[in-house]
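Visitor: Need coordinates for the below:
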Amino acid sequence: MIEVAVVGAGTAGLVAARHLINAGLRPTIFDVAKTVGGAWTPPSSSSSSRVKANDTSHSHPARKMWNGLTTNLSKYACRFSDWPWPEDASTFPSVAEMHDYLESYAECYLSDCNFQLECKVTNVEQLDTEAVDAYKVEWMDVATQTMHSRDFGGVVVATGFFHTPQMPSFLDEYNNRRKPQILHSSDYQYHQQFSDKKVAVIGSSFSALEIAADITKSASRVVNVLPSVPWVLPRWIPQIAAIDDELADGNDTAVTILPTDLVLYQRTQPFPQTPETTTLTRESCRERHEYLQSLVGQKQRNSPLGEPENWDEPPFVAISDEYLDLVREGRIEVVHGRLEGVEEEGGLRVGESQSISDIDQVVCCTGYTPQLHDFLSPSILNTLQYDQNDMFSPLTLAWDTLHPSLPNMAFCGMYRGPYMGIMDLQARVAAGVFSGSLSIEDEIYQSALEKCHSIRSTKPRAQFPHFDYTGYMDTLATLCSRGEYPKFNTNTGDAVVPSFYQSDSELAQKCKVELQKEIERGQDGSRMPKLLLQSILGQYTFDRRIVHLQTSKVERVSGTVKYSKYSKAASSTSGEEDASSDLIAKTDNNDNPVLYREDGLYEFSPTQKFEVFREYEYETKYDALDIYFVEGGKRTYLFLSLKFVPETSTRHADGSNWVKATSDHLCIKDLYSATFRVKMMGSAASEIVIKYRVKGPNKDYESTTILKPITTI
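Guide: A predicted model of the protein is given here:
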């Protein structure tokens, strides 16, 4: 039985060990930490069912997550093929949930595995390739500071691509001599550590945008310096699709609200979707930009962030539910450009001409390097054509997994943007080759190495080396399964998730049922209130027409409306802060109600006009959108409880779709019948129509208000 050293006990190391055991091999897992989980080990102050809140012994040296972080992909993508999530797991798991998931996986499949924890691997070198034990592994026992060495028949490197924090080179001379204090995103744990501070967040990645949004809960000022502009998508996306019904009109559509990954990662052709796409033409870049714009809607265009300018180059994507709205409401200041240095007086120099002053702390979300030169021998690194300064693709490998000149050595999860489904399949390929059950022809190896060379040399580079997730999954599956799987979701338009890439049909079928339930929940209207509440944030012009049905008299009101969630309420016309500024409490942003503030001119008659304003609070409650009266800056009583129901509508030429909610409310003796319609373009509202039919002893009128977004910043 071949013994294999697995370097790393994080996500990639655990799944590698699992498949090595399945292939009849014996893995020994090394990790410098005291526990498994790698980057997903919770911060010491977070709670977990397995890691006590104050147990700092579980603080992993490679931990990259912060309190409050949730995955940007759903649990359907963040899983191994053969290990389902518990039924009560969050759709977007927290750090603690991810760590519990990995620990339970290890307890189930690796209970008899040889774990060498608190052991730092310092050297891996190739021995005689003809020998049974072809690799020498040296490590240091961290607890005893003693060195050890042993020969193994194989090695899997699973230390993670995001291993060592990368800081801007000019900071080598800075040394935090004065303000501002500079730290890397890996040192960020919770927003309270920046209470009342003025903070600059450097970067345009997922972590940069999410950390900037998180810090607004405590900091007095947040500035985001972005070297590039990504498309910012929320975690939930409304997908508009034609209704497959013989009785439906050809243009009838329905809205399904799904996790972003279930929308983005859908097949464009039946399985196998190969060969994997690794280069983008100008035309394909523009198509991707147009598609992403259709998902975001006009919200990003109408913000200081703006949209990416050059659509001839590959688009970048970040996922954040709140970042765009925090930018639009002024809670996050946006500065475009690259951080070039820190001035003597502490100002941040951005680009050639910009300077940001009065900053207390800087969080650099500037990426990581795999740091393989810390333990792989020069000979191995030379074979891999390793470039330690290349943060995009530092190695030349077939499928980022194998090299024919390094038999029985494999890499798992060692590429930029690793997904758990990819790691799972890489581990199967490696285990198959190590055990001899999978033989790969030289011609196939060379073709894969040439593709890797092409990826490394392509300019301009895409956001990730393997941006074609489906093509990459199908390539690996075809390699290791010989067509045995996937058996589900193999048609055009089907969602691609790891659970279908396995031979256990019962588990795959279970996931098929779970996905169908997810789709049904996305269509039943229960997710619409929260999505809609986020979509309407911003400023609008409005025009209201009030028709008194008994007398045919028409009155008009026009002006502006602001839906705000994160900032203080608008000031009164006198310039003094309005009492309603206290409406939005200092709680987590997700819990905030939305304040509706209307300022207008009431045209009672051609000669009688009055300035008016009114305020309401909007709040989601289960499957309803509740609207409350606000008087004197305080919420009073419930006005309407709007219910969204599944509804068909006609898709417009611009790709928009209407959603509708209704409510009846008896206000003393007057019955208000309300209809609330929102025209959705992607994740943003492009028009709102509010109608009231009011009947009572002394009232009989119809009010129609049309709101349109203000497109200037």
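Visitor: For Ile332, which residues are in contact?
Guide: Ile332 makes contact with 212-213, 216, 222-224, 323, 326 under the criterion Cβ atoms under 8 Å, 6 or more residues apart in numbering. For glycine as for every other residue, the C-beta is placed from the backbone atoms N, C-alpha and C.
Visitor: Which of those residues sits closest to His99?
Guide: Ala213 (22.6 Å; Cβ to Cβ).
Visitor: Which secondary structure state does that closest one sit in?
Guide: helix (DSSP: H, G, I helix; E, B strand; the rest coil).
Visitor: can you give me the helices for the stretch 201-350 of the chain?
Guide: Per DSSP state H, counting those that start in this stretch, the stretch 201-350 of the chain carries helices over the ranges 206-215, 260-264, 282-296, 323-328.
Visitor: Which residues outside the second one are in contact with it?
Guide: Helix 260-264 is contacted from outside by 72-74, 76-77, 233-237, 239, 295, 319, 495, 497, 515, 518, using Cβ under 8 Å, 6+ apart.
Visitor: Pull it out as CSV, backbone CA atoms only.
Guide: What follows is helix 260-264, C-alpha atoms only, in CSV (Å, rounded to 0.1, in the frame of the first residue of the first chain):
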residue,chain,number,x,y,z
THR,A,260,-26.3,33.8,-7.7
ASP,A,261,-24.2,30.6,-8.4
LEU,A,262,-27.2,28.7,-9.6
VAL,A,263,-27.8,31.4,-12.1
LEU,A,264,-24.2,32.0,-13.2
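Visitor: buried set for stretch 354-363?
Guide: 356, 359-363 (16 or more other Cβ atoms under 10 Å).
Visitor: Any chance of JSON lines for these, columns secondary structure and pLDDT?
Guide: Shown next, in JSON lines, are the buried residues of stretch 354-363 (DSSP: H, G, I helix; E, B strand; the rest coil; pLDDT from 0 to 100):
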{"residue": "Ile356", "secondary structure": "strand", "pLDDT": "96"}
{"residue": "Ile359", "secondary structure": "coil", "pLDDT": "96"}
{"residue": "Asp360", "secondary structure": "coil", "pLDDT": "95"}
{"residue": "Gln361", "secondary structure": "strand", "pLDDT": "95"}
{"residue": "Val362", "secondary structure": "strand", "pLDDT": "95"}
{"residue": "Val363", "secondary structure": "strand", "pLDDT": "96"}
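Visitor: what's the helix or strand hosting Leu642 in contact with?
Guide: Element membership for Leu642, per DSSP states H and E: strand 634-644. For strand 634-644, the surrounding residues in contact (Cβ under 8 Å, 6+ apart) are 525, 528-529, 532, 579, 583, 593, 616-617, 621, 623-630, 659-663, 665, 667, 672, 674, 676.
Visitor: just to revisit the earlier point, among the contacts of helix 260-264, which ones are buried?
Guide: By 16+ other Cβ under 10 Å, the contacts of helix 260-264 give 72-74, 76-77, 233-237, 239, 295, 319, 495, 497, 515, 518 as buried.
Visitor: Can you pull the poorly scored residue ranges out of the stretch 251-400 of the chain?
Guide: Where the stretch 251-400 of the chain drops to pLDDT under 70, the residues are 251-253.
Visitor: what about the strands in it?
Guide: 252-259, 317-319, 333-336, 339-342, 348-350, 354-356, 361-364, 368-369 (DSSP state E, counting those that start in this stretch).
Visitor: Which of those strands sits closest to Arg461?
Guide: Of the strands of the stretch 251-400 of the chain, nearest to Arg461 by Cβ to Cβ is strand 317-319, at 14.3 Å.
Visitor: which stretch among the helices of the stretch 201-350 of the chain comes nearest Cys412?
Guide: helix 260-264 (21.1 Å).
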